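In: only the shape, not the letters, is given here:
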C-alpha cells in the first residue's frame, strides 16, 4: 500500500481593518459625588479600585483626567453607559473622547 502525501493548502488571510483608538477623558463637575465617580469608573470602565480613586482625584484637582484608551465603538459605548447611569441619578458627570 502506498502512502499518499497531502500538501496543506495555504489560504492568505488579510488583516482586518483595526478600529482607531480613542482616549477617554473624565471631566470634573461640582455636583457628582466622588464615590459615584469611582463606582462608574470601576463598573463601566473596569478600572481597579486604587486607579479609580486616583483618576477621580486627578479630575477633581485638575479639571479632567485620562481614563483609558479604547477602540472608538467601545469608547462610545462605555461613555454612553456612564452618561446614562449618571443621568438616572441626576448627576452631570461627563466623559469625552479624543483620537489617540
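Out: Perfect, thanks for sending it. Note that the structure is a prediction, hence the values are computed from the model and not measured. Residues are numbered from 1 along each chain as shown.
In: show me what the top helix by length along the chain is packed against.
Out: Here the longest helix in the chain is taken by residue count, with DSSP state H as the criterion, and it is helix 72-89. When contacts are defined as 3 or more CB pairs under 8 Å, 6 or more residues apart in numbering; DSSP states H and E, helix 72-89 sits against strand 21-27, helix 34-43, strand 94-99. For the C-beta atoms, the positions are set from N, CA and C on the backbone; glycine is no exception.
In: dump those to TSV, plus mean pLDDT.
Out: Listed next are those as TSV, based on pLDDT from 0 to 100:
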stretch	mean pLDDT
strand 21-27	98
helix 34-43	98
strand 94-99	97
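In: what angle separates the longest helix of the chain from helix 34-43?
Out: Direction vectors for helix 72-89 and helix 34-43, defined by axes from the mean of the first three to the mean of the last three CA atoms, to 10 degrees, enclose an angle of 150 degrees.
In: quick one on the thing from earlier: show me the one of the helices and strands packed on helix 72-89 that comes nearest residue 69.
Out: Closest approach to residue 69 among the helices and strands packed on helix 72-89 is made by strand 21-27 (5.2 Å; CB to CB).
In: so what strands line up beside the closest one?
Out: Using DSSP bridges, the strands paired with strand 21-27 in its sheet are strand 64-71 (antiparallel), strand 94-99 (antiparallel).
In: pull out the buried residues from it.
Out: Within strand 21-27, the residues that qualify as buried by neighbour count (16 or more other CB atoms under 10 Å) are 22, 24-26.
In: now stretch 38-48
Out: Along stretch 38-48, the positions that meet the burial threshold by neighbour count (16+ other CB under 10 Å) are 38, 40-41, 44-45, 47.
In: would you mind pulling the contact partners of it?
Out: 24, 26, 49, 51-53, 55-56, 67-68, 78, 81-82, 85-86, 93 (CB atoms under 8 Å, 6 or more residues apart in numbering).
In: now the residues you listed: which count as buried?
Out: With burial judged by 16+ other CB under 10 Å, the buried subset of the contacts of stretch 38-48 is 24, 26, 52-53, 55-56, 67-68, 78, 82, 85-86, 93.
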